[in-house]
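Just to be clear, the model below is a prediction. Sequence and coordinates:
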Amino acid sequence: MTFVRFAVRRAAEMAVTLLAASFVVFGAMYLAPGSPASFLLTGRSASPEALAAINSQYHLDDPFAVRYFAWLGNVLQGDFGRSITYRTDVSRLLADRLPTTLLLITMALFVVVLVGLLLGRVAAVRGGRTDSAVLLATTFAVGTPAFVAAVLLQGLFAVRLGWFPSGGAGDGLVDMVWHLTLPAVALALYLIGMLARVTRSAMLDALGSEHVTVARSRGVPERQVIRRHVFRNSLGTVLTTGGLVVSTLLVCTILVETAFSVGGIGQLLELSTSTKDFPTVQAISLIVVALFMAVNLVVDLLLPLVDPRLTLGSRGSAG
Amino acid sequence: MTAVFTRRPGLRGIRAGGSPLHLVCLGLVALIVTAALLAPWLVPHDPNAVDLGGALAGPSPDHPLGVDAAGRDTLSRLLLGARTSLLGPLGVVVFSTLAGVAVGTAAAWRGGWLDSVLSRSTELVFAFPGLLLAILIIAVYGEGLLAPVVALAVAYLPYVSRLTRSLVLAERARPYVSAYQVQGHSGLQICLRHVLPNIAPVVLAQATVNFGYALMDLAGLSFLGLGVPALTPDWGRMVFDGQTAIQHGYPLSAVLPCVLIVAFNVVGERWADRVARRTP
Amino acid sequence: MSTTPPTDSEKYALQVQGLRITLPGTARNVLDGVDLTVAAGETVALVGESGSGKTLTSRSALGLLPPGALTEGRVDVVGEDVLDISAERLRALRTGTVAMIFQDPRAAINPLRRIGDFLVEGVTLTGSVNQADATARAGELLQDVGVDPSVLRKYPSQVSGGMLQRVMIAAALMGDPSLLLADEPTTALDVTTQAEVVALLIRLQQCFATGLLFVTHDLDLAATISDRVYVMYAGRIAESGPADELFARPRHPYTAALLASTPRPDAPAGRLAAIDGRPPDLRTTLTGCAFAARCPLATEVCEQRQPDLRPAPDRPGHRAACHHTEQLTRSSADA
């Protein structure tokens, strides 16, 4: 029962922060220097009638509060307004591009979790030279921004070796995966380094704990000791980085999609920022913030399942 | 009261221990900083001088590091680019540290409604990743150097202010503060002369870490064409411009800035790590 | 290889012979020629200050040594030298023949796994017993130690420290051990639960007829529960003998000093004698008797020559490593 109450309270807190974030996202655009109408006309001089038409089409004459709540109401129904650049509904634009970005992020996340956990685990368990090698590799990985990785991978594997396409998103699932492999690796590189280091240090902490010695003293085979007592106990720490991992993926996908011209949400954000397509920028910003917060919420709710000590006092109802 | 300073996890505990990698990076960084300071006297060419005939050429006596796709000298752009690429993060760090310390100290010292208002807004800013906030502000105020720097300063401010707040709270509980209060020193005086010098090392460690992240984020923005203006030499911009050069098999103009960015991050992490280990 | 004929060694649950252990970064042996036996069904106490090597001695019976440790001598558990057997045999030994009860049950039991998991993992993961049988056995043992079997489904953070130590005892009995090692099993507990846990341990030890090596720094406790006592100082056995004799007539000045420094209600007030000085540092070498620097009876010979462990003339089971042990028996007789 306490678990449910906890979940409800965290969700409510998240809703409040999200509301504030939406206010920031909308308010920022309202504060832009010059009237929005002049952006829409992009420097062209217009007749007063045309200006008035634009003002009424985009409800620019209404007071701020009215426009904010109208916008918020629409957003809650999935209507993010019309893109100024593309002259279509923003939701249409998003619907076209979201699958590509989600596939890219999923692939990257898969690589990050698989390789990151594996490297961290191997480094912690083997120690010695393996550990040094992993530390060296991850030092490079965490020092390399996603766009640098993207350009280098593109130069090597797409241009020089020709193993992968150098850009675009492809058609059909297999072709998309094929096209998105290099971008996903570029996106994953930094996080692989990060996760490997987190896993390594969490496992080293666990390896040093008394209960691991006890398990060994009771004849539990070493492989099981690592799995059941060391790796298992490091998962809580690894999980707390979940929010950061996903927000990094969301933000870096802007850079990587641009580098590979993938044509997803990230590249759309870059394009609409340089063309001052406010509704699109607002929509994508809000989605990124909401996803980030949603992941943090999920992590908060999962943590008690991974670490039963956190449900202390709730009489194990979360188990 | 735990005053842990915020780093992206996993960057903790890099122990290269005077490893060759770290030394190479350190040498590179020292070289580049010196070169950036002396750049106006060192650069062999105007960074924007276009030599279309020699575009996409490899290293030659005239252009030791080659020429990019637009026929501009890579060495000159690299050295002058160092100034923009390093000044930007410096601005972010100075802004965010000064403002963050002020906000954090005020919140801790005054407490009450001020503290709760500041804590709430901190949480809100945390919901926006730095790069996203920068993009949002650039969308409103247009491209240029100032807008992204201010945006990132705002994004990094909560890390500094949260740290400062917890440090000041711990410091304030120590007996010497009440001793000064009894002697009639004002709160501002005590903060400036005693509290701030005491917490400075930890705050500086946070600032160092932030420098590395700001370097990455600003270079990323330049790469998107949203940072510095098009003609200003900048590493992120060079990587972006260099993509064409890579495709034609002349990777130097894009790869070299990458190497420098990575070197700076490796050194920055190491240094922050040392400061972090020295402070409790 | 170690198929020793069923003679002398078989009747001992534990037989340590001339055990020396060297650790990296120390100037002398951490354990320096330890001889110790625990007969089947016998309770033996190992007493000493922290750092005297008593924990290391008990852990060596499990082959549980710190990384980098170099060993010399034998540690026979039911006739099998744990310092010289295959990893396979050692694991089998650990799941069955020997079991240890650790000091702090909170630290010793993985907080993220259910108590039931902890109880059965030693025997099930090696494939000797199936899950259902092991769980049934765990339930019975929990009842034996006075804990409701419903804790099988609980996590360690949901039960008290005293209860967790009972779980620990039950876990130690899972493999029907011939030898139980208890490393200060009550130190981390409340005073009220300490007595209960000790009583339980003794009852079960008698009931299952296992040898018990009880490591403690509590002399009174050692006197109460054990048949024989070993007193350790700086990695060596200072004195050993039947519990009542050793405490009534100590033959080593260190034992005497320990007894004098233990507060007891019947002693005259204000006469609590602390032992001056500290145990010798591991980074220094020792030439003579390790206790010489703190000993009131020390003479030149103590600095120069290490005393051997010699039996008392009238009592062969009571041995002490002291050059001046006769002086001590005389003076305590006078007192």
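Noted; the coordinates are in hand.

Where does the prediction get shaky in the stretch 101-250 of chain A?
For the stretch 101-250 of chain A, applying pLDDT under 70 flags no range at all.

hang on, I meant the stretch 151-300 of chain C
For the stretch 151-300 of chain C, the stretches with pLDDT under 70 are C:264-273.

Could you give the residue of it that lies closest to chain B?
Distances between the stretch 151-300 of chain C and chain B by CB to the nearest CB are smallest at residue C:157, namely 21.4 Å. Using the backbone N, CA and C atoms, a C-beta is placed for each residue, glycine as well.

hang on, that residue in a helix?
Yes: according to DSSP: H, G, I helix; E, B strand; the rest coil, residue C:157 belongs to a helix.

Spatially nearest residue to it (excluding sequence neighbours)?
residue A:309 (4.7 Å; CB to CB, 6 or more residues apart in numbering or on different chains).

Helices of the chain, start to end?
No chain was given, so I picked chain A. Along chain A, counting by DSSP state H, helices occupy A:2-30, A:36-40, A:48-57, A:64-76, A:90-126, A:128-143, A:146-153, A:173-207, A:210-217, A:222-224, A:232-240, A:242-260, A:265-274, A:278-306.

Hmm, no, I was thinking of chain C.
Under the criterion DSSP H, helices of chain C are mapped to C:54-60, C:87-95, C:105-108, C:115-125, C:131-144, C:161-173, C:191-208, C:219-225, C:243-248, C:253-261, C:300-304, C:325-334.

Turn the ones you listed into TSV, including distance to residue A:29.
TSV is the format used below for the helices of chain C (distance: least, CB to CB, whole Å):
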stretch	distance to residue A:29
helix C:54-60	68
helix C:87-95	67
helix C:105-108	55
helix C:115-125	55
helix C:131-144	62
helix C:161-173	59
helix C:191-208	66
helix C:219-225	75
helix C:243-248	85
helix C:253-261	79
helix C:300-304	87
helix C:325-334	92
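
need these in a markdown table with distance to residue A:116 and mean neighbour count, can you?
Converted to a markdown table, the helices of chain C look like this (distance: least, CB to CB, whole Å; neighbours: other CB atoms under 10 Å in any protein chain shown):
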| stretch | distance to residue A:116 | mean neighbour count |
| --- | --- | --- |
| helix C:54-60 | 36 | 23 |
| helix C:87-95 | 31 | 18 |
| helix C:105-108 | 29 | 22 |
| helix C:115-125 | 27 | 23 |
| helix C:131-144 | 33 | 17 |
| helix C:161-173 | 35 | 24 |
| helix C:191-208 | 44 | 16 |
| helix C:219-225 | 50 | 18 |
| helix C:243-248 | 57 | 18 |
| helix C:253-261 | 54 | 21 |
| helix C:300-304 | 60 | 14 |
| helix C:325-334 | 64 | 14 |
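
would you list those in JSON lines and tack on distance to chain A?
Output for the helices of chain C, formatted as JSON lines (distance: least, CB to the nearest CB, whole Å):
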{"stretch": "helix C:54-60", "distance to chain A": "8"}
{"stretch": "helix C:87-95", "distance to chain A": "3"}
{"stretch": "helix C:105-108", "distance to chain A": "4"}
{"stretch": "helix C:115-125", "distance to chain A": "4"}
{"stretch": "helix C:131-144", "distance to chain A": "13"}
{"stretch": "helix C:161-173", "distance to chain A": "7"}
{"stretch": "helix C:191-208", "distance to chain A": "17"}
{"stretch": "helix C:219-225", "distance to chain A": "23"}
{"stretch": "helix C:243-248", "distance to chain A": "27"}
{"stretch": "helix C:253-261", "distance to chain A": "28"}
{"stretch": "helix C:300-304", "distance to chain A": "37"}
{"stretch": "helix C:325-334", "distance to chain A": "37"}
